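Student: From the sequence below, what's the structure:
(2 chains)
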Amino acid sequence: MTTSTAPAPAKAPRKAAAPGPDRARRRRLAQWGFVAPAVVFMLLFFGYPLVRNVVMSFQHYTPKTFFTGEAPFNGTDNWSSVFQDALFGKALWHTLLFTAGSLLGQFCVGLALAVFFNRRFPLGGVLRSLILLPWLVPMVVSGIVWRRILDQDTGVLNTFLDTLGLGGNTPWLTSPDMALLSVILVNIWIGIPFNMVILYGGLQEIPKELYEAAALDGASAWRTFRSVTLPMLKPVITVVLVLGFMSTVKILDLILALTDGGPADATQTLGTLTYQNSFVELDFGAGAVVGNVLILISAVFAVFYLRANRTEGK
Amino acid sequence: MTAHPPVAAHHLRARPRSAVIPLAAVCALVLGTALTGCAQQRDGDVYTVMNSSTDETYHRWDAEAMARCGERLGVTIEQQSVPASQVMTKALRMASSKSLPDIVQFDASEMPTFAEAGGLVDLRTLGLETEGIPEGIVDFGSYEGTYYGAARSVNTLALFYNKDILDAAGAEVPATWDELRQTAKKLTQGKRYGLALSAGGAEDGVFQFTPFMWSNGGDERDLDSPEVVEALDYWKALLEDGSLSKSTVNWTQADVNDQFMAGNAAMMINGPWQVETLNTKKSLNWEIARIPVPERGADSVGPLGGAVLTVPDTGDPGRQKTAGRIVACMAGEEEQLTYALNSWMVPAHGEAAAQWREQVPELDALADQVAAARSRTAQLGAGWSGVSLALQSAFQSALTGQSSEAALKRAQQRATSGN
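Tutor: As a prediction, this is how the structure comes out:
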């Protein structure tokens, strides 16, 4: 190991003069070189827009700003005007109902289907792939198709209910009392495949020996599910719920396609409100406020998620 | 021997290290081109028009018009079409990156917003004349007295009716609100509704409400006035009679057209842009009439719709001048007539409109309606979008159970607090 120091000066005198600090510096440089693309990417595509959005919520940002580049700061004007707007409270409440309802429905049905398909039976694979279909259809397409299906007079669903003698006159999307529920039901339909696929993958990972042991101990099916399946599935469940939450809380496209936020603002969520503020009224400051609230909600949830992961790691 | 290992080791270490530099160089290059790509250079004789002609037919008609005008003026005109709802936001983004096209075709209700921001050039300074264009249509393309937008054609709403159904029922074409209500009731049978209109939660619904509001003497600055309340009560009455489908609150104007074509509605409120689709169903025997008015003899005031050609301020007077000539050509009498005949809309120019009437007599009622039509932004300019949102919410609330008065009172509060 002494070879590297003694004769080196003859060949490369400058480099060997201070091998320790120089090499360390190069190594650090190389390390930063590898980290740099990720850091630049994060700063450019996550950090900058985030900071920009927060700053914008304190600015009077109008179409004029695009020409002059001037957006005077107006303190908390945007915030107070958004919070005073009755529509904001409504939209917040709808967002919570929509997210909770969708997640509950998607998860329960998804889990039930995953458990069902976990057993091998003829045509199981075919059926399982058929259930994936809603996932493959673009959101806007499903929205438009469902809007037709749910039409009060000419929709397939009401016509079907009518032939069954179940009164087919349900105002799915046309009554302010029903519209939010209908939108949640459609979103559950869309979310089931995602939940099922990930939970199914999780179920496949559970060692069969555990079930054998449970069977030897004489555990009932329900007991096995509660004491073996659920605990073993917990990490996967957390992932499914967090990802589901993230994609549900910011919902926009589905609602625009189904109801446009109506009737009478019955399906306005934070997502549609920020869209309306920014891109219909062109009041970008107000839109940024609602967007920030949405980010804040997601951030709070992300903290809980990280906490849960950390305690699990211990 | 002892000298070699370190050299070899040096080479081994050097290889991954030196890979960092080219990698970084490539990254910088990619990023650099991506950023400079934003600031595109304008090409000498190539002029760009941004419009919302994303439908194949409209895109083709526009391309043909641009080719003719380009040939006449010795320039190449390129068409860039984006969905209608994105024209404004795209134009704003282009403004901030200083890459605005030479001509933008805005929906007339959006033009004031862009003009107010200071983004448009006064067309009169570019040599465009307004002679021969009816005053209402000049106003339609103006903001605060300045003429920013040249309309090629305009449209409005009219009452479309299925002639076979009316004849079979022995019904006359309704001209007043009472007649419309009675006729609609009479024609409602089984799965078929007497009338279809859009009260959807977007501009479509507001566009359809305005003829009822305005013909009754209502005004968009005073949403809780008795005249507006009465107009909304009239819509409610049609719904309560069962003459309108409960789905009305969820329908766009295209949905309304589908219902009419499918025979689910005997009459509808709609615009001439549906004619092309209507004519694809040969067995459908339709005609149009002016939208009924509250009292016999009252004026039927519809909303003026359509797009205007504008020249954004690109900071290059020479190009703006040529852009003005292109607008003048595309909005000229001849091109207007060609475009109007293709698209079933009414030419903006007075003489072109007169010729158009002769060639399309079946849409005569529409030309009358256009002559008396009113622009949505004449009173409020850029403030229209806020009022429009408040109004949508109000008529949807009223049609789904609330009282018209309470709903409109809230709308007025929302509209005034928002601005």
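Student: tell me the domain ranges of the chain?
Tutor: You didn't pick a chain, so chain A it is. Using automatic domain parsing, the domain parsing of chain A gives A:2-56, A:86-313.
Student: I was thinking of chain B, sorry if that wasn't clear
Tutor: When chain B is parsed with automatic domain parsing, its domains come out as B:46-155+B:305-371, B:158-303+B:380-418.
Student: OK, contacts around the residue in the stretch 201-314 of chain A that chain B sits nearest to?
Tutor: The stretch 201-314 of chain A approaches chain B most closely through A:Gly262 (3.1 Å), counting by CB to the nearest CB. Backbone N, C-alpha and C define where each C-beta goes, glycine included. If you count contacts by CB atoms under 8 Å, 6 or more residues apart in numbering or on different chains, A:Gly262 has them with A:179, B:200-201, B:249-250, B:392-393, B:396.
Student: for chain A, longest helix please?
Tutor: Longest helix of chain A, by residue count under DSSP state H: helix A:86-118.
Student: So what touches whichever helix or strand comes after that one?
Tutor: As assigned by DSSP states H and E, the chain's next helix or strand after helix A:86-118 is helix A:124-131. Applying CB under 8 Å, 6+ apart, the external contacts of helix A:124-131 come out as A:113, A:117, A:192-193, A:196, A:200.
Student: Ok, stretch A:147-162 next?
Tutor: Contact with stretch A:147-162 is made by A:167-174, A:182, A:186, A:257-259, B:191, B:193, B:245-247, B:250, B:259, B:262, B:264, as judged by CB under 8 Å, 6+ apart.
Student: same question, stretch A:105-123
Tutor: Residues from elsewhere that reach stretch A:105-123, judged by CB under 8 Å, 6+ apart: A:124, A:127-128, A:131, A:184-185, A:187-188, A:191-196, A:199-200, A:202-204, A:225, A:229, A:237, A:240-241, A:244.
Student: Would you mind listing the buried residues in it?
Tutor: Neighbour counts over stretch A:105-123 (16 or more other CB atoms under 10 Å in any protein chain shown) mark A:105-107, A:109-111, A:113-115, A:117 as buried.
Student: Pick the most buried one from the domains of chain A.
Tutor: A comparison of the domains of chain A by mean neighbour count, using mean count of other CB atoms under 10 Å in any protein chain shown, puts domain A:86-313 on top with a mean of 17.
Student: which residue is nearest the centroid of chain B?
Tutor: By CA atoms, centre = their mean, the mean C-alpha position of chain B lies nearest to B:Asp107, the distance being 4.4 Å.
Student: which residues does residue 146 contact?
Tutor: Going with chain A. Taking CB under 8 Å, 6+ apart, we find A:Trp146 in contact with A:186, A:258.
Student: right idea, wrong chain: chain B
Tutor: Neighbours of B:Thr146 in contact, by CB under 8 Å, 6+ apart: B:115, B:122, B:124.
Student: among the residues you listed, who's most crowded?
Tutor: Neighbour counts for the contacts of B:Thr146 (other CB atoms under 10 Å in any protein chain shown) peak at B:Ala115, which has 26 neighbours.
Student: quick one: that residue and chain A, what's the gap?
Tutor: Here B:Ala115 is placed at a distance of 10 Å from chain A (CB to the nearest CB, to the nearest Å).
Student: where's that residue, which helix or strand?
Tutor: helix B:111-116.
Student: contact partners of that helix?
Tutor: Contact with helix B:111-116 is made by A:63-64, A:282, B:88, B:91-92, B:104, B:106, B:120, B:141, B:143-144, B:146, B:148-149, B:308, B:310, B:312, B:377, B:381-382, B:384-385, as judged by CB under 8 Å, 6+ apart.
Student: Which residue is it, in chain B, that comes closest to chain A?
Tutor: Closest point on chain B to chain A, by CB to the nearest CB, is B:Gly201, at 3.1 Å.
Student: nearest residue to that residue other than its sequence neighbours?
Tutor: A:Gly262 (3.1 Å; CB to CB, 6 or more residues apart in numbering or on different chains).
Student: From B:Arg72, how far off is that neighbour?
Tutor: Counting by CB to CB, to the nearest Å, the gap from A:Gly262 to B:Arg72 is 47 Å.
Student: With A:Thr95 instead?
Tutor: Separation of A:Thr95 from B:Arg72 (CB to CB): 55 Å.
Student: again with A:Phe67
Tutor: Going from A:Phe67 to B:Arg72 by CB to CB gives 32 Å.
Student: Also B:Ile326?
Tutor: 9 Å.
Student: B:Leu391 now?
Tutor: Distance of B:Leu391 to B:Arg72, given as CB to CB: 43 Å.
Student: quick one, what contacts B:Gly242?
Tutor: Counting by CB under 8 Å, 6+ apart, B:Gly242 touches B:185, B:188, B:193.
Student: Of those, which belong to helices?
Tutor: Judged by DSSP H, helices contain the following of those: B:Lys185.
Student: Look at the residue of chain B closest to chain A and give its secondary structure.
Tutor: Assigned with DSSP: H, G, I helix; E, B strand; the rest coil, B:Gly201 falls in the coil class.
Student: is any part of stretch A:164-180 close to chain B?
Tutor: Yes: Stretch A:164-180 is in contact with chain B by CB under 8 Å from any CB of the partner chain, via A:171, A:173-176.
Student: Which stretches in the stretch 251-400 of chain B count as helices?
Tutor: Remark: helices assigned in the stretch 251-400 of chain B by DSSP state H, counting those that start in this stretch are B:253-261, B:275-278, B:317-330, B:333-343, B:350-359, B:364-371, B:384-399.
Student: What of the stretch 151-300 of chain A?
Tutor: Along the stretch 151-300 of chain A, counting by DSSP H, counting those that start in this stretch, helices occupy A:156-163, A:179-205, A:208-216, A:221-224, A:230-249, A:253-258, A:270-275, A:284-313.
Student: and the third one, C-alpha only, in CSV?
Tutor: Right, the one you point to is helix A:208-216. Extracted in CSV, the C-alpha atoms of helix A:208-216 (Å, rounded to 0.1, in the frame of the first residue of the first chain):
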residue,chain,number,x,y,z
LYS,A,208,-48.8,-19.1,2.6
GLU,A,209,-47.4,-20.6,5.8
LEU,A,210,-49.1,-18.0,7.9
TYR,A,211,-52.4,-19.1,6.6
GLU,A,212,-51.5,-22.8,7.1
ALA,A,213,-50.5,-22.0,10.7
ALA,A,214,-53.8,-20.1,11.2
ALA,A,215,-55.7,-23.0,9.8
LEU,A,216,-53.9,-25.4,12.2
